[in-house]
Each structure stands twice: as structure tokens, then as C-alpha cells.
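Peer 1: structure of the sequence below:
(one chain, ligands or ions: 1)
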Amino acid sequence: MKTTFHLPPLIDAEASLRDRLEEAARVRGKSATSLLDDLDAFVERSMRNLALVDRKPPLDGYARAFEATLAQSVNASGKSARVLLRSFFFPYWQIFHLRLYPRYAPMTLPEKCRTAYLPESDVGALAAANKDDPLKHFRPDRRPPPAKFENRVWYDGTGSGLHFDEEPAGFFPVDYGTMMDAVARTACDVPDAVEMLEHLSPHWARANVLLIDREKRSARIDKCSFHRFAARVNTRPRAEHISGMVCFDPDYKAYQRSLREAYLESVEGAWDGYEGAAFDANDLKDRVLDEGLRKLEKYPTYDGLLNLLTSHGKPGHLCKHGDPVQPGEPVPREYTLARMFWLIDQKECHRWQWDTEKNLPTCQAPRETYPCEMFAT
Ligand SMILES: [Zn+2]
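Peer 2: Residues are numbered from 1 along each chain as shown. Take a look at the predicted model:
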């Protein structure tokens with residue numbers, strides 16, 4: 001089958017680049033001109049790397065489509081490729097590359113989100129999640145969360161990913177949300193859902209997934225790469241969790257690290273730089289969550305889980321207020337913008353959100369309570 005890529009034109013985002021440049025210059029204490037010089041060097045290096053990519057199908061088609069689109073955009077805008085690519089590549093840690101799912105937006109790899117599950121507690125079975133993102137464009141959601149799920153399997157996901165991935169055989173990307181909804185709707189239970197997702201494994205990535213069913217089975221799926229799949233399926237009740245950007249399975253973790261090494265090498269980055277520090281911070285937070293859940297399993301309570309997810313002890317705090325992982329880290333930084341608790345047996349959902357009007361962090365905002373049925377009856 002011949003793969004044809006139709007890429008959108010590369011737009012001239014010079015104005016928004018200038019906007020972000022000022023903020024970056026302020027945070028880094030460097031002049032905008034010197035940041036632009038660095039960026040140009042980065043663009044040139046990335047373009048050189050692009051030329052060296054081993055172009056096997058379907059990515060050779062994508063590479064050609066990208067180059068054709070760039071040429072068209074240059075003609076249409078009258079701007080040089082460098083000017084167009086400057087805004088495309090900014091900020092520095094966002095990198096366009098060809099060894100990944102062919103989508104056009106540059107990706108960021110900040111540490112994000114976590115979801116936990118306790119099959120037993122003083123309020124019955126309990127799932128909980130911290131949703132982390134930059135604060136800048138956040139507005140609290142005034143709509144109630146879904147009151148009823150018509151599925152036998154419930155899921156929640158966190159971002160996961162790589163800058164460089166290997167290309168799996170038979171690669172055909174599917175939309176993650178559509179796939180997860182379909183799987184949750186049709187699977188009979190957690191093991192069934194895991195089997196479906198493993199079958200689809202070459203076609204999806206960039207999300208770790210936590211699955212729960214009504215019989216208290218659960219599973220965690222590591223999925224930073226299209227190429228690999230790892231799942232821990234708990235057929236008996238046990239605490240489980242996932243964290244953004246972190247693989248739990250030891251072999252998968254080693255694989256993830258090797259691909260991160262390749263990325264850092266290509267951008268002349270280092271483990272003690274901003275990105276390396278962010279990767280290590282992710283792992284630490286996941287350990288804090290894992291160890292906290294193991295302790296909680298002896299006396300599992302709602303308050304215990306809430307305390308764990310709102311912990312501020314550094315390093316390894318799970319409630320985020322935009323603190324940099326390293327001094328001088330560029331914006332945007334991560335905030336815990338929403339926290340969800342699903343009281344599965346009590347059919348209730350609790351939500352806290354960062355109050356942008358009063359500037360109240362999520363951990364100080366009032367609790368919202370809603371009815372919620374997690375499973376089809
Ligand atoms: Zn907090």
C-alpha cells in the first residue's frame with residue numbers, strides 16, 4: 001500500500017515567536033538576539049540530522065512531503081525557510097523529527113499527570129488523578145464531569161513519549177481517544193481490553209494507560225513507543241498507578257532510556273541539562289507515588305490518597321505549582337490544574353480545580369461533588 005502524506009503548510013508564526021522570545025529572554029536572562037542565534041544553530045543542526053535519517057517507508061514519503069511543503073510555504077510567504085522553521089522549532093526542547101508518528105506540531109515532553117487506583121478504602125474502591133499542564137491558558141471547567149460511563153472497563157491515561165521512536169512494522173496510526181473509547185465500550189473486562197490494546201500496539205503510543213473493571217481487576221500499560229508494549233495485569237485487587245512519561249516495566253524503561261540517549265546525542269544535550277533533569281524528576285515522582293501507594297495499601301483511606309496526591313515535599317512533590325525542575329528552566333512549567341477522585345462504589349466524583357480568578361491553587365480550592373457511575377449496570 002502506498003502511503004501519501006498531505007501536510008498542512010508551515011505557517012508564518014513570527015509574531016507569536018517574538019512573543020515567546022521576550023518571555024524566554026526574561027526567564028533565561030539572555031538577550032533575544034542571542035536566543036535567536038542559538039535557535040538558528042538548532043534549526044540548522046536539526047535539518048542536517050533530517051538529511052541523515054534512514055528513510056524507510058512510510059517515513060521516506062513523509063520526509064519528501066515535509067520538504068515539498070516547506071518549499072511551498074517559502075514561496076507562498078516570501079519568508080526564508082530559516083524564519084519559518086525558527087517559529088516551528090521554538091522553544092528549543094521541541095524538536096521536529098522524522099522518526100515518529102507523522103504529525104506536524106512539534107511536541108513537548110514535560111512531565112505530566114498521574115493516576116492511581118485503590119481497590120479497597122474507607123469509601124470503597126477509589127481512583128484518583130492529578131492533571132498537570134501549563135497555567136497560562138487554563139480556565140476551570142464549569143461543566144460537570146460525565147455522570148455515567150456505559151462501559152465495563154474504565155480507563156485513564158497520562159502522556160508518555162519519546163523524541164525519537166523506532167518505526168514498527170505495519171505502522172498505521174490510530175487516534176488514541178477513538179481507540180480507547182472503542183476498546184472500553186467493547187471489552188468485557190480488563191484482561192480483554194489489554195489484549196485488544198496489545199493487538200493494536202504498533203498503531204498507538206504516547207500514553208500510559210490505567211484500566212479498571214467492576215470486579216476490581218486492573219492493569220497498567222507502558223506505551224512511550226509505537227514499537228513496544230508492556231502491561232501488568234492484576235487479576236486480583238491491588239493498588240495500581242501510572243505516571244506521565246515514565247515506564248515501569250524494567251526492560252521497557254531501559255529501552256526508553258536508550259532512545260532518550262539517542263535524542264540527547266542528536267541535539268547535543270546531556271542528562272544533567274534541563275531535559276535530562278526532567279526525565280529524572282519524572283522517575284522520582286513515580287517512585288514517590290508507587291511507594292506511597294504501597295504504604296497506603298495497609299490502611300487505605302480517602303484522606304491518605306488525597307494527602308499523597310497533594311504532597312509538596314521536595315524533591316518528588318506530586319502537587320505542582322509551576323516550580324522549575326532546574327533553576328532557569330524555560331516556561332511553560334507544569335501546574336496541577338485539576339485533581340479528580342472517583343468513589344467507584346459510592347458512585348460519586350470529586351473535583352478540585354485551580355481557581356484562576358482568585359489565584360487559588362488546586363490543593364486550596366473547594367471540592368466539587370458530582371454523581372458518577374463508573375460502570376454499565
Ligand atoms: Zn499544591
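
Peer 1: which residues of the protein lie near the ion?
Peer 2: Residues of the chain that fall close to the ion, judged by Cβ under 5 Å from the ion: Cys319, Pro361, Cys363. Just so you know, the C-beta spots here come from the backbone N, C-alpha and C atoms, and that holds for glycine as well.

Peer 1: hmm, 8 Å instead?
Peer 2: By the criterion of Cβ under 8 Å from the ion, the positions of the chain lying close to the ion are Thr310, His312, His317, Cys319, Lys320, His321, Thr336, Pro361, Thr362, Cys363, Gln364.

Peer 1: what's the most distant pair in those?
Peer 2: Farthest-apart pair in the residues of the chain next to the ion is His317 and Gln364; separation 14.9 Å (Cβ to Cβ).

Peer 1: who has more neighbours out of those two?
Peer 2: When His317 and Gln364 are compared for neighbours, His317 comes out ahead with 17 against 12, by other Cβ atoms under 10 Å.

Peer 1: quick one, phi/psi of the closest residue to the more buried one other than its chain neighbours?
Peer 2: Of all residues not flanking His317 in the chain, Ser311 sits nearest, at 5.7 Å (Cβ to Cβ, 6 or more residues apart in numbering). Backbone dihedrals for Ser311, given as degrees, to the nearest 10, come out at phi -70, psi 140.

Peer 1: so what's Ser80 closest to, chain neighbours aside?
Peer 2: Distance criterion Cβ to Cβ, 6+ apart; nearest residue to Ser80, sequence neighbours excluded, is Val74 at 6.8 Å.

Peer 1: give me the element that neighbour is part of.
Peer 2: helix 59-77 (DSSP states H and E).

Peer 1: where do the domain boundaries of this protein fall?
Peer 2: Using automatic domain parsing, the domain parsing of the chain gives 14-89, 114-371.

Peer 1: and these, which one is worst for confidence?
Peer 2: The minimum mean pLDDT among those belongs to domain 14-89 (a mean of 73).

Peer 1: quick one, strands of the chain?
Peer 2: Assigned by DSSP state E, the strands in the chain fall at 114-118, 126-133, 153-159, 207-213, 218-222, 230-234, 240-243, 335-343, 348-353, 368-371.

Peer 1: re earlier: buried ones from the residues of the chain next to the ion, can you make that a ChimeraX selection?
Peer 2: Applying 16 or more other Cβ atoms under 10 Å to these, the buried members can be selected in ChimeraX as follows:
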select :310,317,319,320,336,361,362,363
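
Peer 1: distance of Val183 from Glu240?
Peer 2: Separation of Val183 from Glu240 (Cβ to Cβ, to the nearest Å) stands at 18 Å.

Peer 1: same deal with Gln346?
Peer 2: For Gln346 relative to Glu240 (Cβ to Cβ), the value is 20 Å.

Peer 1: just give the number of residues close to Arg217.
Peer 2: Other residues near Arg217 come to 23 when the count uses other Cβ under 10 Å.

Peer 1: residues in contact with it?
Peer 2: Listed by Cβ atoms under 8 Å, 6 or more residues apart in numbering, the contact set of Arg217 reads Asp189, Val190, Pro191, Val233, Asn234, Thr235, Arg236, Pro237.

Peer 1: surely the second one touches Leu210?
Peer 2: No - proximity of Val190 to Leu210 does not meet the contact threshold set by Cβ atoms under 8 Å, at 10.0 Å.

Peer 1: find residues that contact each of those two.
Peer 2: Residues touching both Val190 and Leu210 (Cβ under 8 Å, 6+ apart): Ser218, Ala219.
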